[in-house]
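Participant: Let me see the structure of the following:
(2 chains)
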Amino acid sequence: MKNEWPLWEVFIRGQHGLSHRHVGSLHAPDAEMAIRNARDVYTRRNEGVSIWVVEARHIAASSPSDKGPLYEPSQSKIYRHPTFFDIPEEAGNM
Amino acid sequence: MDRDSAFFEFLLRMGDNTLVLGHRISEWCGHAPILEEDIALANTALDLIGQTQMWLGLAGEVEGAGRDADALAFTRDFWEFRNALLVELPNGDFGRTMARQFLFDAWQSVQLGKLLKSSDSRVAEIAEKAAKEVAYQVERSAGTVVGLGDGTEESHARMQAAIDYLWPYVGEFFAGDAVDAAMAEAGIAPDPASLRGDFDALVGRVMEEATLNIPEGDFHHKGGRDGARHTEHLGHLLCEMQWLQRAYPGATW
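Facilitator: Modelled structure (predicted):
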């Protein structure tokens, strides 16, 4: 496997988007080629105005098996949503 | 040679270069060494075919005989083709394909730069659209030539062999004739020889970075641009490219 090019994750900012979104991954020998490959693989149909690539090994990710301890405690904490304020009439819809 | 027939010949040369190379590159579809290169090559082929539609479309207009780009692409025989020999050569390995692509991209980028200032506004418009595609293509093919040339022992050896094989086909792009003289005089296109300096500078830079040597000697093959003597490979290519229109004339989908 050591002859395999590293895996890169590709993020594209779309025509109307404000932030870059993860669109997929690809293989490339270096960052420059990763951007060129991303241009050819992921922007063929005029999808983007900006490309980020990051080598997949540099992404630290949470573990799916930690889902319970990480996210479940927040499910019961509805008071964290700002829905308990009385909005003054003059403020209108928010 | 009157101006319009020279103009027609010039446009065939432009369009046949991109048509034949576009077909060659499309032969990689599904066969490239990795998926990413496969898609990139397909994009390049499509860009080249798109440029062909513009060049041959204008050629048909200038000829005024009712032939459109499709008719010119699919119903001429090999002696009527005006592409340089370089683009009809078989693909060889991936390295040779990319070396040929770079040499062609380098010539195109210099040529299109001059055509932006063509006295014929239709030529200038096509050049403007194509120049953006070619600016990307030459960056990509140069990057691959450098990556493989300055890569492993094997990739370097293959790339050097590719350059040695292809180099004698480069000179044809710069050897002008009566057609070119008429185009230069009308201000439609530059004298081919005048592009050599910029081409050599660009190619020299990339070859140096790629640790590749440009072969010595001035000999170059000829016979493609004027259609006098194509290689045996063009006929086989056209056979595959044209058979459907030849077997079912006017077929559409």
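
Participant: Every contact and neighbour count from this point should use C-alpha atoms.
Facilitator: Fine.

Participant: Number of residues surrounding the residue of the stretch 151-253 of chain B at minimum distance from chain A?
Facilitator: Of the residues in the stretch 151-253 of chain B, the one nearest chain A is residue B:151, at a distance of 10.9 Å by CA to the nearest CA. Burial measure for residue B:151: 16 neighbouring residues, criterion other CA atoms under 10 Å in any protein chain shown.

Participant: Same check on residue B:45?
Facilitator: A count of neighbours around residue B:45, defined by other CA under 10 Å, yields 24.

Participant: The helix or strand hosting it near chain A anywhere?
Facilitator: Counting by DSSP states H and E, the element that carries residue B:45 is helix B:35-63. Yes. Taking CA under 8 Å from any CA of the partner chain as the criterion, helix B:35-63 and chain A are in contact, through B:36-37, B:39-40, B:43.

Participant: Helix or strand with the lowest mean pLDDT in chain A?
Facilitator: In chain A, the helix or strand scored least confidently by mean pLDDT, DSSP states H and E is helix A:67-71, which has a mean of 82.

Participant: For it, list every residue counted as buried.
Facilitator: Taking 16 or more other CA atoms under 10 Å in any protein chain shown as the basis for neighbour counts, none of the residues of helix A:67-71 comes out buried.

Participant: can you give me the helices for chain A?
Facilitator: The residue ranges that make up the helices of chain A, judged by DSSP state H, are A:31-42, A:67-71.

Participant: got the contact list for stretch B:40-53?
Facilitator: Stretch B:40-53 is contacted by residues A:37, A:40-41, A:44, B:14-16, B:18-19, B:21-23, B:25-26, B:28-29, B:69-70, B:126, B:130, B:133, B:137 when judged by CA atoms under 8 Å, 6 or more residues apart in numbering or on different chains.

Participant: For burial, what's the neighbour tally of residue A:37?
Facilitator: Neighbour count for residue A:37, taken as other CA under 10 Å: 22.

Participant: If you drop the residues flanking it in sequence, what lies closest to it?
Facilitator: The shortest distance from residue A:37 to any residue other than its chain neighbours is 6.0 Å, reached at residue B:36 (CA to CA, 6 or more residues apart in numbering or on different chains).

Participant: Tell me the residues on chain A that lie near chain B, please.
Facilitator: With the criterion set to CA under 8 Å from any CA, chain A comes near chain B through A:26-27, A:33, A:36-37, A:40-41, A:44.

Participant: where's the residue of chain B found nearest chain A relative to residue A:47, distance?
Facilitator: Residue of chain B nearest chain A, by CA to the nearest CA: residue B:40 (5.3 Å). When distances are taken as CA to CA, to the nearest Å, residue B:40 and residue A:47 turn out to be 16 Å apart.

Participant: Same drill for those two, tell me which one is more crowded.
Facilitator: For the pair residue B:40 and residue A:47, the greater number of neighbours falls to residue B:40 (22 against 14), based on other CA under 10 Å.

Participant: quick one on the thing from earlier: so the residue of the stretch 151-253 of chain B closest to chain A: helix, strand or coil?
Facilitator: What DSSP: H, G, I helix; E, B strand; the rest coil gives for residue B:151 is coil.
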